[in-house]
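Novice: with the input below, show me the fold.
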Amino acid sequence: MADDAMVFLCSKNNRQRKRMVIFNKIRIAYGEQLHKFKPLLQEAYQSIYKYQLKRTTENELQMRTAIDATREPLAFFANHMPYSKARYIYALSRLDEMKPFDLIMCFDQAIFEMHVWETLSELGIKRGQWAKNNPWSKELRALLDERQATSQDRDNPNDAEEFLASGMTACRGSAQGRACIVSENAHFQKVKKGDILVTPMTTPDFIVIAHLISGMITDRGGVVCHAAILAREFNIPCVVGCKTATTTITDGELIRLDATAGIVLGVIQ
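Specialist: Presented below is the predicted three-dimensional model:
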């Protein structure tokens, strides 16, 4: 038994050493890749936003070109990610064959899957173990989270007592319906046709309920966050970056979403 335990410990130590080698390689090459990747990622999301606002052939071509430009630095990260997460990056090699909707969703999913802490977790590495020793992961996380930053504070556009929240317009329009607060995927089952979704932030999984909701409100996010992109693809009135929507809006209450003014009002019955 002692020999078996020694073999197990040696095997475990070897795996840990291999992981350290992998992440040391990333750390060495990371500076150059981040410098190259950041402006390309920002340009890709801005081109998606421009296309979604005006779906012309010219804007589509610019979007495809901008997304294509991200593939080289993305390939660097893909080589150090589990395949289950990197597969969306690999799928972008066929972007010319994708329809605009599929391309936008695939690209956004690829970026979502790059979230560093999730990658570390899947590789069996604890957050605390690497948080201080791998500054590259903190920088990458900050870059990937840029789209989830909330908008700047703004004047309250409506001081009536029914005012609930305000944020940034992501997709114009209006909706009235039951507020459905969803903080995790397990809550999807309670979403009914016509509900207005209220959530901290969406993930690609939310696409399965997009056809049910009449509006979308998030605590976090900017005009190129996942929720905004999803809303524009499905033409769902959407306000993002409300900061406290999930706490100021009560689950099940009747609300009106004005996604042109960027405000949420409680309907007094």
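
Novice: do a quick rundown of the strands in the stretch 51-200 of the chain.
Specialist: Taking DSSP state E, counting those that start in this stretch to define them, one finds strands in the stretch 51-200 of the chain at 163-166, 168-171, 174-181, 196-199.

Novice: the ones you listed: which one's closest to Val223?
Specialist: Among these, the nearest to Val223 by CB to CB is strand 168-171 (5.8 Å). Heads up, the C-betas are built off the backbone N, CA and C, glycines and all.

Novice: quick one: low-confidence parts of the stretch 101-250 of the chain?
Specialist: For the stretch 101-250 of the chain, the stretches flagged by pLDDT under 70 are 116-141, 148-161.

Novice: which parts of it are helices?
Specialist: Ranges of helices in the stretch 101-250 of the chain, per DSSP state H, counting those that start in this stretch, are 116-122, 127-131, 135-144, 226-234, 245-248.

Novice: need the contact list for Cys180.
Specialist: 187, 190-192, 195-198, 213, 251-252 (CB atoms under 8 Å, 6 or more residues apart in numbering).

Novice: just the buried members of these?
Specialist: Buried members of the contacts of Cys180, counted by 16 or more other CB atoms under 10 Å: 191, 195-198, 213.

Novice: out of the contacts of Cys180, which is nearest to Asp219?
Specialist: Among these, and counting by CB to CB, the member closest to Asp219 is Val198, at 8.5 Å.

Novice: what bridges to the closest one?
Specialist: Ile181, Ile217 (DSSP bridges).

Novice: check contacts around it.
Specialist: Val198 makes contacts with 179-182, 217-218, 245-246, 249, 251, as judged by CB under 8 Å, 6+ apart.

Novice: one more time with 7 Å, if that's ok
Specialist: Counting by CB atoms under 7 Å, 6 or more residues apart in numbering, Val198 makes contact with 179-181, 217, 245-246, 249.

Novice: for Ile209, list the residues it contacts.
Specialist: 188, 191.

Novice: any idea how far it lies from Ile263?
Specialist: 23 Å (CB to CB, to the nearest Å).

Novice: in stretch 240-260, what's buried?
Specialist: Neighbour-count burial for stretch 240-260, with 16+ other CB under 10 Å as criterion, is recorded at 240-243, 245-246, 249, 255-259.

Novice: err, stretch 223-242, not the other one
Specialist: Those would be 223-233, 236-242, for stretch 223-242 by 16+ other CB under 10 Å.

Novice: likewise for stretch 261-268?
Specialist: Buried residues in stretch 261-268, counted by 16+ other CB under 10 Å: 262-266.

Novice: nearest residue to Arg64 in space, please, no chain neighbours.
Specialist: With sequence-adjacent residues excluded and distances taken as CB to CB, 6 or more residues apart in numbering, Arg64 is closest to Leu95, at 6.3 Å.

Novice: residues near the one you found, how many?
Specialist: 16 (other CB atoms under 10 Å).

Novice: begin at 9 from here
Specialist: With 9 as the first residue, the last one maps to Leu103.

Novice: that one against Met71, yeah?
Specialist: No: if you go by CB atoms under 7 Å, Leu103 and Met71 don't touch, sitting 9.9 Å apart.

Novice: no further questions, thank you.
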